[in-house]
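Colleague: Sharing a sequence plus its predicted fold:
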Amino acid sequence: MEKKPFLKPRTVSAVKDFVCVLPALVFLAIFTYYPICKLIQISFTDWNLLNDRWSYVGLKNWIWLFNGSGTKHLLNSLKVTILYSIGELTITLVGGLIFALIFNRMNAAFSFMRAVVFVPKYVAMSSAAVVFLWILNTDNGILNYFITSLGLPAVDWLGNRNTALLSVLLLTGWRAVGYGMMIYLSAMIGISKDYYEAAALDGATAVQRFWKITIPMLSPTTLFLFVTTFISSMKVFQSVDILTRGGPYRSTEVFVYKIYLYAMEDFRMDRASVIAIAFFVLLLAITASTFKISNSSVHYDS
Amino acid sequence: MKKMLAVVLTAALGCGLLSGCSGGSTGGGAQQAAQGGSSGGDSAAPAADPSAYEVTEPITIQWWHALEDQYSQTVSEIVEDFNNSQDLITVEATYIGSYSQTNEALVAANAAGTGLPAVTVANTPYVAEYGASGLTEDLTPYIQATGFEIDDFGKGMVDASSYGGKQVALPFLISTQIMYYNKDMADTEGITVPEKWEDMDSFLEAASIVNNGTTERFGTIIPGWDQWYFETFYLNQGVNIINEDNVSTDLGCDAAVGLVKKFREWVDKGYVNWTTMDSDASSNMRQAFIDKKAFSVVHTSSLYNTYVEKCDFEVGMAWLPGGDTKDQEIGGCVLLIPSKNDQATKNAAWQFLSYLCSKEVNMKWARETGYIPTRNSVLQTEEGVEFLKEKPAFQCIFDNLDLINPRIQHPGWNQLATIWKNYMLEMMVEDVDISTKLEDMVEEINEVLEDA
Amino acid sequence: MSGTNANSHLERELAAKRKKKIVKTVQYTLAIIVTLIVMFPLYWMLSSSVKSQEEILLLKPTLWPKEIHLENYANVFNRINFGKYYYNTIVMTAGILISQIITGVFAAYGFSKGKFKGQNLCFMIVLGALMIPIQVTFIPIYIMCANWGLSDTFLGLILPECISPYYIFMLRQTFMAIDDSYIDAAKVDGLGRVGVITKILTPMCKSTLFTTTLVTFTNGWNSYFWPKIIAKNEQRRVLTVGLAQLKNTFAGQATMNNHEIMAGAVMAIFPVVILFFVFQKYMLTGYSKAAMK
């Protein structure tokens, strides 16, 4: 923005284009990147949110995380988060695709049913979670009523290591599967009919057409869904907060929740910061490698 | 890949620039505020001049509390009475949420150095952490200057609300652990409530109904969501939850292993229900007691009125079974003034706080809820006798008042508690080797205590 | 020869028709079953919300409420300040929505149709922000906002949410799909950037705008974590936080008041679900452009 006597029109245009994105960048700098820098700073201190007289402690927290008693918790959160992420990805991608195939019929009845399947996405997590708490309730929940009336023992859905994460997935899956369906369906409509007609003339069966045409043509959509779902599943927080609070015995302590616990339950901001930065770097690395791998395998129709 | 590298670089660059220009100043601001706050408190300490604590200008102050809906009537009556009793101070009461939510909000506001309440409640185990960090105002000079009758509180309560020799809080709503039991059931079936740990086996056998491995009625339910409810079993068996060196725990000792194994045995037999930690656990437990699916539950004495109101049978209260000793611990909440407030706010806060802790207000709470009367001048006089006539179940608390001890005070206590209750639940539910699990737990707790 | 040929042709057509009919039946059956299952939690929320407390605690749950107790809704209204929470939520959501749309549309234009040095770099900065949830960074943000005096204010509720990297990303993808020739033509006609955005891009991407804006609206309406931290005072409490408080409050009593909690939940989601069904017809086309690129 140097004041020169003559600005080339192209420069003026570039400056104007830049001004369009400037507000977004400024806000992100203040509300996203500045806090991250702050966390990096805190990670080298012993600040525990209560002590105003903190001091720098060098790499102590980093050593605690990677080569100390924090490592165990890091690995546990990594395991839980990845398990959860795989679960949500499966539900959104595989479930979404299956739902898209089932609901791929254009009439009023199907349009209504699609809307019903899609609407949970728009139901507030706080409302959805209280309903699921109620459905999953051990003594008075309707799910256990169905199970016991089949002669099976009642399940303590949220109090058991084997079912707690599953319960969280049930809730998020309920909200996500309709979204996956909608994205796939809108992409399927976009696939040109010519491909299918040509394949039919060649004598390809429906199953063959699905694998040879639909799946490859949907690969950009799959990538889009994969990346967005992956990122959001790694950030899962609220469903865990309301349903299980990370319990029982740490079996649902996903990354973000663990960070929150360190900060707000133990007030160990120093520890919360190191684990937060490690989390951010991990997420960035995985996303970057996804893009790299996908560049070679995604099929774009152009 | 190049692109992503660029992102990282930009992020790093942005970080450098930003933290360069603004990183220092924010931290400095918080620190300044802190120094301002604590220096005010320090300079006031030696002089016990009453005029320094007078309220001279009209002021509106905030009171944060964790008193749920069923207490809202009492809260508004008390606040209204105070506001009408004088012209200068207007109190606004805000329900923040549970104790832990209030704790979170207070610590966050303290870290920011702004948006603090003038007076707030705090669950008893937080006193140590707050006192150690200087979050709370030392109330000793206020007490001296205004002649507040602190000696009228039981000693345990005074100790529970002080840290390092400073009176950093005052006892407000005090409760203790209690075993609620179905008195009708006890009378008709001839079940004796246990007084000693050794009686537990026979008691649980009599009180539980187990058919072919499925429990129809639990002997008792122990809340797994807060270690406070099972802490005393350990203390009365002589287990040091925190050793005298202050950096290690004895929770792995033989007595402790024995306790865990015993609990697990009862859980396996279907006698004891060890609750989970999810957000519905507490209401599930209460519902089970109300529905007569449990003979007894371990809970806080403060919920006495609520239990009585909801149960269609007579509710009995019993002291928890003891071991070598039969000590119990203070629960409930204290009141404190955050030290980062300005002096005018603190002075107004002190007036309100001493009103909340007064005998009249305390007795109102004791009558309308299950909290315990805190004043010696009530407990040991006619008034106490009157109170017992209204609430005969409180006899067991009155009999054992001097056995109610302050909580263990340690800045790392809350971290210890979280680790402990998580491991306990795991050992109650999963098939794990208890001794190895306890070793892991002790290692984890020791690390936290050392670093606190 | 020709006769048998025609016959087999007819047979094949019949077989195909039969097959089509089977596919249709299976598809309908599956769709209906799936719809019913997905709908169940919502139905259960609604049905529990009008039951009496005795009825929700029955050992044998009733699928259809025996009696309708609309007073549950009134109880919730009386117990907590629901009207105030509604107002706060509406103002907060409107603020978030307007700021996200304005910053989002302009940024998406700049990233898709603009040309400037470091464009990719800037876009990567936006994408990187997608990976940082506020649950990780909220302490520095809270301290900053509190020091600016934003606790318990609408500005405090809105400011940290006023940019959505997701919104920018979605719109950019959609704008990319539009041919540059439209924009060049408009520029020849003398339209500036604002004109291009409001007169060309926005109308052409109507369905995506509707869809993504509805997502933004929902996220704002449903946001829980940040409001809980910045607005502790009753005066600025929002619905989601109020609902959680309802749960705490009722759990504080000795019984399960899930019927009233459900009534609160129904009231909290009502406006969003209505809006959803209004804009529902844009949904299918709305995502296609963004998802295909």
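Modeller: Yes, it's here.
Colleague: Show me the shaky parts of the stretch 101-250 of chain C.
Modeller: Scanning the stretch 101-250 of chain C for pLDDT under 70 picks out C:247-250.
Colleague: Any stretches of chain B with poor pLDDT?
Modeller: Those would be B:1-49, if you go by pLDDT under 70 across chain B.
Colleague: can I see the domain layout of it?
Modeller: For chain B, automatic domain parsing gives the domain ranges B:55-175+B:332-390, B:177-328+B:403-451.
Colleague: would you list those in TSV and tack on distance to chain C?
Modeller: Placement of C-beta: from N, CA and C, glycine included. Listed next are the domains of chain B as TSV, based on distance: least, C-beta to the nearest C-beta, whole Å:
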stretch	distance to chain C
domain B:55-175+B:332-390	3
domain B:177-328+B:403-451	4
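Colleague: I'd like these as CSV, with mean neighbour count and distance to C:W44 appended.
Modeller: Converted to CSV, the domains of chain B look like this (neighbours: other C-beta atoms under 10 Å in any protein chain shown; distance: least, C-beta to C-beta, whole Å):
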stretch, mean neighbour count, distance to C:W44
domain B:55-175+B:332-390, 20, 25
domain B:177-328+B:403-451, 19, 16
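Colleague: Put together CSV for these, with distance to C:I90 on each row.
Modeller: Supplementary listing: those in CSV, determined by distance: least, C-beta to C-beta, whole Å:
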stretch, distance to C:I90
domain B:55-175+B:332-390, 22
domain B:177-328+B:403-451, 28
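Colleague: which residue does chain C bring closest to chain A?
Modeller: At 2.9 Å from chain A, C:G114 is the closest residue in chain C, using C-beta to the nearest C-beta.
Colleague: And what about that residue, helix, strand or coil?
Modeller: Three-state call for C:G114 (DSSP: H, G, I helix; E, B strand; the rest coil): coil.
Colleague: The closest residue to it other than its chain neighbours: what's it in contact with?
Modeller: Leaving aside its sequence neighbours, C:G114 sits nearest to A:D17 (C-beta to C-beta, 6 or more residues apart in numbering or on different chains; 2.9 Å). In this structure, A:D17 makes contact with C:G110, C:K113, C:G114, C:K115, C:F116, C:Q119, C:R193, judged by C-beta atoms under 8 Å, 6 or more residues apart in numbering or on different chains.
Colleague: Just the CA coordinates for the top strand by length along chain B, please, in CSV.
Modeller: If you go by DSSP state E, chain B has its longest strand at strand B:170-182. Coordinates of each C-alpha in strand B:170-182 appear next as CSV, following Å, rounded to 0.1, in the frame of the first residue of the first chain:
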residue,chain,number,x,y,z
LEU,B,170,-15.9,-18.5,56.2
PRO,B,171,-18.1,-21.6,56.6
PHE,B,172,-21.4,-21.2,54.8
LEU,B,173,-23.5,-24.3,54.1
ILE,B,174,-21.9,-27.2,55.8
SER,B,175,-22.8,-30.9,55.3
THR,B,176,-21.2,-34.2,55.9
GLN,B,177,-21.3,-37.7,54.4
ILE,B,178,-24.3,-39.7,55.5
MET,B,179,-25.9,-43.1,54.9
TYR,B,180,-29.6,-42.6,54.1
TYR,B,181,-31.6,-45.7,54.7
ASN,B,182,-35.2,-46.9,54.3
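Colleague: Please name every helix or strand in contact with it.
Modeller: Using 3 or more C-beta pairs under 8 Å, 6 or more residues apart in numbering or on different chains; DSSP states H and E as the contact criterion, the elements in contact with strand B:170-182 are helix B:155-160, helix B:228-236, strand B:294-300, helix B:304-310, strand B:315-318, strand B:328-336, helix B:343-356, helix B:395-399.
Colleague: ok so, going back, and the two most separated of the contacts of A:D17?
Modeller: Across those, the two members that end up farthest from each other (C-beta to C-beta) are C:Q119 and C:R193, 15.1 Å apart.
Colleague: thought C:V238 was touching C:I230?
Modeller: No. Judged on C-beta atoms under 8 Å, C:V238 makes no contact with C:I230 at a distance of 10.2 Å.
Colleague: what do those two both touch?
Modeller: Residues touching both C:V238 and C:I230 (C-beta under 8 Å, 6+ apart) are C:L157.
Colleague: Between these two, point out the one with more neighbours.
Modeller: Neighbours per residue (other C-beta atoms under 10 Å in any protein chain shown) separate C:V238 from C:I230, with C:V238 holding more: 28 against 25.
Colleague: Could you list the contact residues of the stretch 51-200 of chain A toward chain B?
Modeller: A:51-53, A:69, A:133, A:137-140, A:153, A:156, A:158-161 (C-beta under 8 Å from any C-beta of the partner chain).
Colleague: Go again with 7 Å.
Modeller: Within the stretch 51-200 of chain A, the positions lying close to chain B (C-beta under 7 Å from any C-beta of the partner chain) are A:N51, A:D52, A:S69, A:L133, A:N137, A:T138, A:D139, A:D156, A:L158, A:G159, A:N160, A:R161.
Colleague: Show me the residues you listed that map onto helices.
Modeller: With helices identified by DSSP state H, the entries of these that belong to them are A:L133, A:R161.
Colleague: out of the residues of the stretch 51-200 of chain A next to chain B, which is most surrounded?
Modeller: Neighbour tally across these (other C-beta under 10 Å): the maximum, 27 neighbours, falls on A:L158.
Colleague: Going by residue numbers, what spans are helices in the stretch 51-200 of chain B?
Modeller: Assigned helices in the stretch 51-200 of chain B, in chain order: B:72-85, B:99-112, B:126-133, B:140-146, B:155-160, B:183-189, B:200-207 (criterion: DSSP state H, counting those that start in this stretch).
Colleague: Need those in a markdown table (columns: distance to chain A).
Modeller: Converted to a markdown table, those look like this (distance: least, C-beta to the nearest C-beta, whole Å):
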| stretch | distance to chain A |
| --- | --- |
| helix B:72-85 | 21 |
| helix B:99-112 | 5 |
| helix B:126-133 | 4 |
| helix B:140-146 | 21 |
| helix B:155-160 | 19 |
| helix B:183-189 | 19 |
| helix B:200-207 | 19 |
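Colleague: Quick check: which of the ones you listed is nearest to A:K121?
Modeller: helix B:99-112 (28.3 Å).
Colleague: Centre of the chain to that closest one, how far?
Modeller: Mean C-alpha position of helix B:99-112 versus that of the full chain (C-alpha atoms, centre = their mean, to the nearest Å) differs by 15 Å.
Colleague: repeat for stretch A:19-28
Modeller: 25 Å.
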